[in-house]
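> requesting a structural model of the entry that follows:
(2 chains)
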Amino acid sequence: MKKPKVTIIIPAYNSQEYIGRCLDSVFAQTFQDFEVLVINDGSTDETGEIVKKYARNNKQLRYVEQENIGVARTRNKALKLANGEFVAFLDNDDFIDSDYIEKLLPSKNEDIVISGYKRPDVKGKIVREVRLEKTNWSKFVVPAPWAKIYKRKYLLDNKIEFLDNNIGEDVYFNLIALLSTEKIKILRYVGYNWFFNEKSVSNTKQKRYSDINVFDLLNESYDELKRRRLLDANYEQLELFYFRYVVWFLLYAAKGAKKERIDKTYDELFGWLGERFPDYKSNRLLKGNLPGEVGSTRIIYKTFMRFHRMGLGKILVWGYAKI
Amino acid sequence: MITSRNKKVSVVVPNYNYSKYIGRRIDSIMRQTYPIYELIVLDDCSTDNSVDVIEKKLVEVRENHPEVKISFVKNEKNSGKAIAQWKKGFELATGDYVWIAEADDLSSRKFLEEVMRGFDASGVVLSYAESAIINSWGLMIAPNFRWSRDKEKTGHYKDSYVKEGKKEIEEILAIRCTIPNVSSVVFKKDKKVLEYLDEALRFTQVGDWYFYTKVLENGKISYDRRALNRFRVHKGSVTNDSKKAKRHYDEIIEAHDYFKKNYELSDMALKRMKAEEKRVAERIRG
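Take a look at the predicted model:
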């Protein structure tokens, strides 16, 4: 049997409400030479039944069931099961515009093609749109595996995998993927819909600093980049990337956190950064205009650094925790 | 200003039980924007796994920097003296400049480039930069060390400068050891250096101070006010050992006597020395 051009990988977990919309958007693609690989990662709702129904009517869909092993290991498994020359990741609550695969397919043997995303809410209204600029920094702006297409052989040959961790499994994957090749194309195109589900955001238990193994992610990714000799070659970009990630994480898990806990996490994270990047406070890229960074985030990171340099960064996190 | 980048710098890393830090220390040396001529790692008979860590690290350094001369010298017995290790470093160094980069400190990538600029002025024998203080896990706890060295708030460190070593001694170095961390310094190599280090060995607490003084009696000092060095201060490193504290006080008095005998110090300087002695004495009494 002829191998498909693209494998669309969808890890599915308890998504009975949205998996249908997700699959509909896949089958409505203008480019049709693909297979869809849905791995049901131990859902406890009707997700499996819904996908199986789609599979009965559609030869392009492959359905795999397993006990819950988490999204990182599920995606790694999918990479091995995929037949396509290229792989595109899609999350089960999200959906893609009909020309998405057509637009993302590499034209000149690229290993990775990257696009922007938009955020529709429950009513379909777009509440945010991130369109990438064509700069050196743009590839780091969205460290998710979706809104991108990867050459499967490139990932396999370079043993690029997701990290089995409860945060940043995709950050680890992308840092290595994005720095191991020069053959990357950035598109101004925006066709990935990252569903903004207010209900699920408010229902999801607030993540707390203490529950998240952020240092595992930081250490594993740093050490692996070093081992692969990607660190020194991309030092200033990574210095900025890790600063940006530390700030993002501090704000991400701040909600409701106690002041003491914020202070401790803050000091540990910036200690981690200073130990490995002694010059991070004067990062050249951050001093400049940060071309490629998206408008509002550019202001957030630049402002945070200004406060941090004055020793006032914690105040920003305290404030944010109370919102 | 364009600096010639062809000066040969030997980097000496004395280590004792800093296996936790030495890997990143060597990273921050090898990431300097100024070329490293030679890397000499000294281990003073560590009791932790330093030797393994260093050997592994040096394999990596050799692979990534084949142009750098690398050596690793292990003491069979613990010398227990930092100055003895410095001396060994100077003896082994084949470059024209020596940077003693202690195993637990870190530096900005631009440290060497900027500090070597200091030697562009003729007659400079010691060039150093300001230090920021970091704690045991790398957090910066003070952006500089000026407050502690210029207790009289004379504004001595307001700007970067190059001046005669003797003038520096008369103005400030005679009062206290104003170079807080050898990792912040690059020395021009000179035959007399080994002699000075031998003499400095008689001190247990102020050998570094004596050494900087003797070096500076032969030339100029260059100071860069940017905090390009990261001086790690460990929790509990200020000991409560009263015998040691008394010894420290005695050695300060001895050093002050040396300065009084050999320099025509101003009344102001003498007054400040006296105040410094009083401060140290009070600290001993707690």
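> tell me the secondary structure at whichever residue of chain B sits closest to chain A.
Closest contact between chain B and chain A, by CB to the nearest CB, is at residue B:138 (2.9 Å). (C-beta placed from N, C-alpha, C; glycine too.) The local conformation at residue B:138, judged by DSSP: H, G, I helix; E, B strand; the rest coil, is coil.
> contacts only, for the spatially closest residue to it that is not a sequence neighbour.
Spatial nearest neighbour of residue B:138, chain neighbours left out: residue A:275 (2.9 Å); criterion: CB to CB, 6 or more residues apart in numbering or on different chains. Shown in contact with residue A:275 (CB atoms under 8 Å, 6 or more residues apart in numbering or on different chains): B:24, B:106, B:134, B:137-138.
> by neighbour count, which of these wins?
Using other CB atoms under 10 Å in any protein chain shown as the contact criterion, the top neighbour count among these goes to residue B:106, which has 27 neighbours.
> what residues are up against that residue?
A:274-275, A:278, B:24-25, B:28, B:134, B:138, B:230, B:232.
> repeat for residue A:7
Applying CB under 8 Å, 6+ apart to residue A:7 gives the contacts A:34-37, A:78, A:82-84, A:86-88, A:152.
> can you tell me which of those residues are in strands?
A:34-37, A:86-88 (DSSP state E).
> closest to chain B among these?
Among these, and counting by CB to the nearest CB, the member closest to chain B is residue A:87, at 32.6 Å.
> any idea what the closest one is bridged to?
Counting by DSSP bridges, residue A:87 is bridged to residue A:7, residue A:150.
> which ones are touching it?
When contacts are counted by CB under 8 Å, 6+ apart, residue A:87 touches A:6-9, A:78-79, A:149-150, A:152, A:155.
> related to what we said a few turns ago, tabulate the contacts of residue B:106 (TSV), appending secondary structure and distance to residue B:78.
Converted to TSV, those look like this (DSSP: H, G, I helix; E, B strand; the rest coil; distance: CB to CB, whole Å):
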residue	secondary structure	distance to residue B:78
A:274	helix	31
A:275	helix	27
A:278	coil	29
B:24	helix	24
B:25	helix	20
B:28	helix	26
B:134	strand	26
B:138	coil	27
B:230	strand	26
B:232	strand	21
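> from the residues you listed, which two are the most distant?
Set against one another by CB to CB, those have their most distant pair in A:274 and B:25, with a gap of 13.5 Å.
> of these two, which one has the most company?
The neighbour comparison of residue A:274 against residue B:25 (other CB under 10 Å) goes to residue B:25, with 24 against 21.
> not counting sequence-adjacent ones, nearest residue to the more buried one?
residue B:103 (5.3 Å).
> checking that neighbour next. Helix, strand or coil?
For residue B:103, the reduced secondary structure class is coil; criterion used: three-state DSSP.
> up against chain A, what does chain B have?
Within chain B, the residues that sit near chain A (CB under 8 Å from any CB of the partner chain) are B:24, B:27-28, B:31, B:64, B:106-110, B:134-135, B:137-140, B:230.
> isn't residue B:260 right next to residue B:270, touching?
Yes: the pair residue B:260 and residue B:270 qualifies as a contact (CB atoms under 8 Å) at a distance of 7.5 Å.
> greatest separation within the contacts of residue A:7: which pair is it?
In those, two members sit farther apart than any others by CB to CB. They are A:36 and A:152, at 14.8 Å.
> out of these two, which sits in the more crowded spot?
Neighbours were tallied for residue A:36 and for residue A:152 using other CB under 10 Å; the higher tally belongs to residue A:36 (25 against 18).
> show me where the chain has helices.
Chain wasn't specified; assuming chain A. For chain A, helices defined by DSSP state H occupy the ranges A:19-27, A:47-57, A:71-81, A:100-104, A:152-157, A:169-179, A:198-203, A:214-227, A:235-252, A:259-276, A:284-287, A:295-309, A:313-322.
> hmm, no, I was thinking of chain B.
Applying DSSP H to chain B gives helices spanning B:19-30, B:50-64, B:82-92, B:111-117, B:146-149, B:165-168, B:192-200, B:207-216, B:242-262, B:267-285.
> turn the ones you listed into CSV, columns for mean pLDDT.
Below are those laid out as CSV (pLDDT from 0 to 100):
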stretch, mean pLDDT
helix B:19-30, 97
helix B:50-64, 97
helix B:82-92, 97
helix B:111-117, 97
helix B:146-149, 90
helix B:165-168, 97
helix B:192-200, 96
helix B:207-216, 97
helix B:242-262, 93
helix B:267-285, 93
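> in CSV, list those helices along with distance to residue A:237.
Output for the helices of chain B, formatted as CSV (distance: least, CB to CB, whole Å):
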stretch, distance to residue A:237
helix B:19-30, 17
helix B:50-64, 19
helix B:82-92, 35
helix B:111-117, 20
helix B:146-149, 33
helix B:165-168, 41
helix B:192-200, 41
helix B:207-216, 39
helix B:242-262, 47
helix B:267-285, 47
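> could you check the pLDDT of the residue nearest the centre of chain B?
Nearest to the mean C-alpha position of chain B, counting by CA atoms, centre = their mean, stands residue B:182 at 0.7 Å. Here the pLDDT value assigned to residue B:182 is 98.
> how about residue A:286?
87.
> residue B:239 now?
Here the pLDDT value assigned to residue B:239 is 60.
> now for residue A:168, how many residues are close by?
Burial of residue A:168, expressed as a neighbour count using other CB under 10 Å, amounts to 25.
> who are the contact partners of it?
Contact partners of residue A:168, counting by CB under 8 Å, 6+ apart, are A:143, A:214, A:217, A:221, A:245.
> could I get the phi/psi values of it?
Backbone torsions for residue A:168, taken as degrees, to the nearest 10, come to phi 70, psi 20.
> doesn't residue A:158 make contact with residue A:173?
No: with contacts defined as CB under 8 Å, residue A:173 does not count as touching residue A:158, sitting 11.1 Å away.
> these two: who's more crowded?
A count of neighbours by other CB under 10 Å puts residue A:173 above the other of residue A:173 and residue A:158, at 25 against 14.
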